[in-house]
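Chemist: sequence unknown, structure follows:
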């Protein structure tokens, strides 16, 4: 699955531009829970996911966490760090295992400075990612846990090429910044209604339409921004 064409930014490059840039790309495995960027860490290697999903997580007091965004094959991990040439206060952690094409910062900078299609695509994606983070942050403050779980499952499913999502209730609670007991009750209710099948850390969405009905308006807003 580590085909560059699975990443929507790389696959949108003209053939000549991709052939030049591809000399600096290398396949990188993304194991579950691997931290690609710590908060306030400068990046040396940046990632174009071809399979799997990476979460952007806000870390408070060294322990409290809340997910503020998801990155899949539609984007790049490290966009905001690269464009700002600095650090970010969010952590990037692999939420769903897979693969990416990795590139060192100097090679990425050289191609970006050419001002061709890669630059345009990265700027366009950066705006979409910023909008997603802003919307998710507002969602975390104003909508119910049930709505947020539905929205989060839909966003993860949109970025996954697998029918089964690997997710423990503990990790889901950590991502949403809520108590595990609340997540457990909602997961059981979703399962009772036939919306999901949840067993041993594996979630299968059985009724997307029902989830979309439960989710707040944030899901549709974020979905509209997700494509390149």
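Modeler: Now that the structure is in, tell me what you want to look at. Fair warning: this is a prediction, and the values are worked out from it, not measured in the lab.

Chemist: And the strands in the chain?
Modeler: In the chain, the strands defined using DSSP state E lie at 26-30, 35-37, 45-60, 64-71, 90-104, 164-166, 196-199, 202-205.

Chemist: If you count contacts, what does the longest one end up packed against?
Modeler: Counting by 3 or more Cβ pairs under 8 Å, 6 or more residues apart in numbering; DSSP states H and E, the packing neighbours recorded for strand 45-60 are strand 26-30, strand 64-71, helix 79-84, strand 90-104, helix 105-112. Every residue, glycine included, has its C-beta placed from N, CA and C.

Chemist: one step back: of the strands of the chain, which is nearest residue 130?
Modeler: strand 64-71 (9.2 Å; Cβ to Cβ).

Chemist: neighbouring contacts of the closest one?
Modeler: Strand 64-71 has contacts (Cβ atoms under 8 Å, 6 or more residues apart in numbering) with 49, 53-60, 77, 90-92, 95, 129, 132-133, 136-137, 140, 152, 155-156, 159, 174-177.

Chemist: Tell me how this protein divides into domains.
Modeler: Using automatic domain parsing, the domain parsing of the chain gives 4-139, 144-224.

Chemist: Save these as JSON lines, and put in mean neighbour count and mean pLDDT too.
Modeler: Putting the domains of the chain into JSON lines (neighbours: other Cβ atoms under 10 Å; pLDDT from 0 to 100) gives the following:
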{"stretch": "domain 4-139", "mean neighbour count": "18", "mean pLDDT": "88"}
{"stretch": "domain 144-224", "mean neighbour count": "17", "mean pLDDT": "83"}
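
Chemist: hmm, back to that, just put the helices and strands packed on strand 45-60 in a markdown table and tack on distance to residue 36.
Modeler: Below are those laid out as a markdown table (distance: least, Cβ to Cβ, whole Å):
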| stretch | distance to residue 36 |
| --- | --- |
| strand 26-30 | 8 |
| strand 64-71 | 10 |
| helix 79-84 | 10 |
| strand 90-104 | 4 |
| helix 105-112 | 13 |
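
Chemist: I'd like to know which of those lies nearest to residue 10.
Modeler: strand 90-104 (6.5 Å).

Chemist: List the strands paired with that closest one, with their directions.
Modeler: Strand 90-104 pairs in its sheet with strand 26-30 (antiparallel), strand 35-37 (antiparallel), strand 45-60 (antiparallel), by DSSP bridges.

Chemist: Output the ones you listed in a markdown table; the columns should cover distance to residue 210.
Modeler: Formatted as a markdown table, the strands paired with strand 90-104 follow (distance: least, Cβ to Cβ, whole Å):
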| stretch | distance to residue 210 |
| --- | --- |
| strand 26-30 | 30 |
| strand 35-37 | 33 |
| strand 45-60 | 22 |
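
Chemist: quick one: which of those is nearest residue 221?
Modeler: With Cβ to Cβ, the closest approach to residue 221 among the strands paired with strand 90-104 belongs to strand 45-60: 16.9 Å.
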